[in-house]
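>>> Give me a 3D structure for the following:
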Amino acid sequence: MKKALAVLIIVLMTAALSFAGGGSQPQTGDAVSITVQLFDRGTDGGRSRADDNAWTDWIKEKVLRDLNINVTFFPVGRWTEGTDIVNLMASGSAPDLCYSYQSDMIANFRDMGGILNLTPHLALLPDARRLLGDDPAFPGTDFIVRDREPDGRMFSIPSSRVALAQRNIFIRKDWLDALGLPVPTTTAQFEAALVAFRDRDPGNVGRNNVIPFAQDSDARWGLANLIHPFIQPNLSDRDRFVYAVAGRNIYFPGFVDGVRLMNRWYNEGLIFRDFPLIQVADDFYNMIKSGFVGAFSGNWDLPYRSDLAILADLRRNVPNADFVPVDAIQSSDGITHKDMFDKVGLRVFVPAFSRQPEAALRYLNWLCIPENYMFIQRGHEGVNHEMVDGIPQIITRPPNDPWIQNSAQNIDFTMLQNGVETGNQDNNIRALAFSYPGFSSDVILNAYNISVRNARAPVVVNVPTPPNAAMYGQTLQDMTNALLARAITASPADFDRVWTTGIQDWLRSGGQAVFDERVEIANQFFR
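Okay, the predicted model is just below:
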């Protein structure tokens, strides 16, 4: 990737010269053509080809009719987007309209002069401005300009994330029932349940096979709902901003106490011993499906997702099995503090070398017109959805059906919307709850509500990604993951040494520089 970034600098310098003074062609007369990024999630489970299906055909035909624009979809690997987009930018072949969840990567493109300043073109996006609405982090400000910099330039537009839930802890309800235990509501009850799973084998799988708590190598994500409640709960917004180095919570006061608990549980046989070796997500999911696992944590809806079929496949092995979300891990104030997402999902940008930037933005605005996005999200009534109490309920199409949705509510197409938009947030979540085939909406709503209960979004300060954060961010994230694995698997006697040494290395490797940088920013924005 570093080599690709070096090539990118040369390409973008050339592109900037050729683009200077260049505008887009008018949307009258001959049709213009644009390329638009689209996540490719593969064809497993009967998905269609990302760029060739009934949805792409409908969009192409209607955009040509409405805007006189020919759209060609450009597939980019969903799980390889970082490398793929860097390579496309480096070769000057990136689509006219791109998107990514990786804000640091977009900041690097900006710093190299590789992204179009969108501020002069905002007049092309009236429907997008109206749809995105107000910014909850900055009352009185339009969300569409969240990424606007102090000098007025703006290089990306954020999508609106409908579902703000992040993670949940799930536990085997049938195992609890077999032991006569309640669904845990405190940290002590949750630990007691894991101990009982270990010692009493309620699933009759053999005591040597029981995995009280399953975990993969991404302990930073999977153990967050167990570790983060130990962060001091009364920190000011200023401190919550300052300590959030590299998008990780490792430097927060109190974080180490949560890791220390995980270390004890690991050494007591409550956490899967080989978790650092589970690098492939499917291996983790298959572990849960095996019937040997008593609890795990992850995305708030993980067991209910149709593409993963975790609970559905588990029930083929164990017919009465059930995982339920728990709200149990308490902070020092007795509250089950959790994280939830900021409203920003992915970010949309236009490469500086785009030959049709205005046409690309007209298409982006077209996606924000209700008749267009409502059809893309819902499709034909009776074919793709049915209305239940005024809420669209998605109908699951059979494998290889041309109208199958490769992503939930076709979020890969809608770009600026991550989730169904009904005009009312409560109804949006109800519509979301209807989109899990095989599960009642009450089950999904319960999981969502538990995830957002006592949850806080990150503190947002509207500044461009500063240089130290862009330079050291990935290194610090990688070091965080490695340190968590070492600290959790260390012997209890070595825990303090491992943690202290690891934090010192992390600070020397850019952590201190990024922390100091955030302090300077905080001094400007928090008085």
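>>> Going by C-alpha atoms from here, please, whenever you check contacts or count neighbours.
Fine.
>>> Against which helices or strands is the biggest helix by length in the chain packed?
Criterion DSSP state H: the longest helix present in the chain is helix 467-489. Counting by 3 or more C-alpha pairs under 8 Å, 6 or more residues apart in numbering; DSSP states H and E, the packing neighbours recorded for helix 467-489 are helix 103-111, helix 219-222, helix 255-267, helix 495-506, helix 512-525.
>>> Where among those helices is average confidence lowest?
Within the helices and strands packed on helix 467-489, the stretch with the lowest mean pLDDT is helix 103-111, showing a mean of 89.
>>> quick one: it to helix 467-489, angle?
For helix 103-111 against helix 467-489, the angle by axes from the mean of the first three to the mean of the last three C-alpha atoms, to 10 degrees is 160 degrees.
>>> which SS state does residue 123 fall under?
Counting by DSSP: H, G, I helix; E, B strand; the rest coil, the backbone at residue 123 sits in helix.
>>> Quickly list the domain ranges of the protein.
Annotated domains of the chain cover 2-161+344-374, 167-339+459-525 [automatic domain parsing].
>>> In which helix or strand does residue 372 reside?
Using DSSP states H and E, residue 372 maps to helix 370-378.
>>> ok now that helix, how far from the chain's centre?
Taking C-alpha atoms, centre = their mean, to the nearest Å, one finds helix 370-378 lying 23 Å from the centre of the chain it belongs to.
>>> same deal with stretch 65-82?
20 Å.
>>> Could you export that stretch as PDB, CA atoms only?
The C-alpha trace of stretch 65-82 is given here as PDB (Å, rounded to 0.1, in the frame of the first residue of the first chain):
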ATOM      1  CA  ARG A  65     -34.300   9.200 -18.300                       C
ATOM      2  CA  ASP A  66     -34.100  11.700 -15.400                       C
ATOM      3  CA  LEU A  67     -30.700  13.200 -15.800                       C
ATOM      4  CA  ASN A  68     -29.400  12.100 -19.200                       C
ATOM      5  CA  ILE A  69     -26.500  10.400 -17.500                       C
ATOM      6  CA  ASN A  70     -25.100   6.900 -18.200                       C
ATOM      7  CA  VAL A  71     -24.100   5.200 -15.000                       C
ATOM      8  CA  THR A  72     -21.500   2.300 -14.900                       C
ATOM      9  CA  PHE A  73     -21.100   0.700 -11.600                       C
ATOM     10  CA  PHE A  74     -17.500  -0.100 -10.500                       C
ATOM     11  CA  PRO A  75     -17.200  -3.000  -8.000                       C
ATOM     12  CA  VAL A  76     -14.700  -2.600  -5.100                       C
ATOM     13  CA  GLY A  77     -14.200  -5.400  -2.600                       C
ATOM     14  CA  ARG A  78     -16.100  -4.700   0.600                       C
ATOM     15  CA  TRP A  79     -13.500  -6.100   2.900                       C
ATOM     16  CA  THR A  80     -10.500  -5.000   0.800                       C
ATOM     17  CA  GLU A  81     -11.800  -1.500   0.100                       C
ATOM     18  CA  GLY A  82      -8.700   0.300   1.600                       C
END
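>>> What residues of that stretch count as buried?
Across stretch 65-82, burial judged by 16 or more other C-alpha atoms under 10 Å covers 67-76, 81-82.
>>> and residue 422, backbone torsions?
With angles defined as degrees, to the nearest 10, residue 422 sits at phi -110, psi -10.
>>> OK, contacts around it?
Residue 422 makes contact with residue 428 under the criterion C-alpha atoms under 8 Å, 6 or more residues apart in numbering.
>>> Look at it and report its pLDDT.
Looking at residue 422, the pLDDT reads 85.
>>> So, low pLDDT: which residues of the stretch 251-400 of the chain?
The model of the stretch 251-400 of the chain has no residue with pLDDT under 70.
>>> ranges for the helices of it?
255-267, 281-289, 310-317, 357-366, 370-378 (DSSP state H, counting those that start in this stretch).
>>> Buried deepest among these, which one?
Highest mean neighbour count among the helices of the stretch 251-400 of the chain (mean count of other C-alpha atoms under 10 Å): helix 357-366, with a mean of 23.
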